[in-house]
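Asks: just need the structure, nothing else, for what follows:
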Amino acid sequence: MDNYSVKILTSEEFKPLYDKHRKEIFEKDHSYVLWDLLDEDELSNIKKLGKRLGNPFKLYLAAYDSHENFIGWSWGFQDNNTDFYMCNSAVLPNYRRKGVYSTLLKKCLEVLKEEGFQMVYSKHCVTNNDVIIPKLREGFLISKMELDDKFGILIHLHYYMNPTRKKIMDYRAGQLKPDGKIKSLFKI
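Replies: Numbering: from 1, shown residues only. The predicted structure is shown next:
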């Protein structure tokens, strides 16, 4: 990634870049947007419910090549008082498999750790190895699978900032015997 940079953008800076490339990146995707199914009353209710959430933290990251060409992104938002949802990431086709996504991911986790989030999670089509593999290498864990009407079969990945919490996931999965810390937490 010596020839690339990652910048934090505002929503206003990010949205035009995302909108310009979104259709190209997801043109073969058989998902749909929920808003396309809803009537005006349903859309109004969603807006009303959204106002109750206040002002959650959002993060928009953009990757650029050495000539300042926009080449990829990652964005997400605060889901509750401990968790951040990495909602969408992509790298333009000519820049894939060159470390761009891994660099975006590292920057994202760095910022979220500084913000104080305890967990970062994401959902992916089960065959999206271009995203799943770098996340597993970075320490994300597979937490569940889901059949979703919009996107099909999804895999959920969790990243725990607290190493004990990550260790508990290994214990819960049957991959690790409980150590002293886990035994004390569960009073085993």
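Asks: so which strand or helix has residue 84?
Replies: Element membership for residue 84 (DSSP states H and E) is strand 83-91.
Asks: all helices in the chain, in order from the N-terminus.
Replies: Using DSSP state H, the helices of the chain run over 11-25, 40-51, 100-115, 129-138, 163-172, 180-186.
Asks: now residue 94: closest residue in space, sequence neighbours ignored.
Replies: In space, and not counting its chain neighbours, residue 94 is closest to residue 71: 7.8 Å by CB to CB, 6 or more residues apart in numbering. Where C-beta positions appear, they are placed from N, C-alpha and C, glycine not excepted.
Asks: dump the residue contacts of the one you found.
Replies: By CB atoms under 8 Å, 6 or more residues apart in numbering, the contact set of residue 71 is 4, 63, 64, 65, 91, 92, 94, 95, 100.
Asks: next one: residue 161 relative to residue 87, how far apart?
Replies: Separation of residue 161 from residue 87 (CB to CB, to the nearest Å): 19 Å.
Asks: and the two? which has more neighbours close in?
Replies: residue 161 (17 against 14; other CB atoms under 10 Å).
Asks: and the strand holding residue 84, what other elements does it pack with?
Replies: Applying 3 or more CB pairs under 8 Å, 6 or more residues apart in numbering; DSSP states H and E, one finds that strand 83-91 makes contact with helix 11-25, strand 70-78, helix 100-115, strand 119-125.
Asks: and those as CSV, adding mean pLDDT and distance to residue 45?
Replies: Shown next, in CSV, are the helices and strands packed on strand 83-91 (pLDDT from 0 to 100; distance: least, CB to CB, whole Å):
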stretch, mean pLDDT, distance to residue 45
helix 11-25, 91, 23
strand 70-78, 96, 20
helix 100-115, 96, 30
strand 119-125, 96, 24
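Asks: identify the residue nearest the geometric centre of this protein.
Replies: The residue lying closest to the centre of the chain (CA atoms, centre = their mean) is residue 86, at 1.9 Å.
Asks: on that earlier part again, buried ones in the strand holding residue 84?
Replies: By neighbour count on 16 or more other CB atoms under 10 Å, the buried set for strand 83-91 is 84, 85, 86, 89, 90, 91.
Asks: now that strand and helix 129-138, what's the angle there?
Replies: Angle, strand 83-91 to helix 129-138, by axes from the mean of the first three to the mean of the last three CA atoms, to 10 degrees: 130 degrees.
Asks: report the backbone C-alpha coordinates of strand 83-91 in PDB.
Replies: Below are the C-alpha coordinates for strand 83-91, written out as PDB (Å, rounded to 0.1, in the frame of the first residue of the first chain):
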ATOM      1  CA  ASP A  83     -21.100  -1.900  18.600                       C
ATOM      2  CA  PHE A  84     -20.200  -0.600  15.200                       C
ATOM      3  CA  TYR A  85     -21.600  -2.000  12.000                       C
ATOM      4  CA  MET A  86     -19.200  -2.100   9.000                       C
ATOM      5  CA  CYS A  87     -22.000  -1.700   6.400                       C
ATOM      6  CA  ASN A  88     -20.300  -1.600   3.100                       C
ATOM      7  CA  SER A  89     -16.800  -1.800   1.600                       C
ATOM      8  CA  ALA A  90     -15.500  -2.200  -1.900                       C
ATOM      9  CA  VAL A  91     -12.300  -1.700  -4.000                       C
END
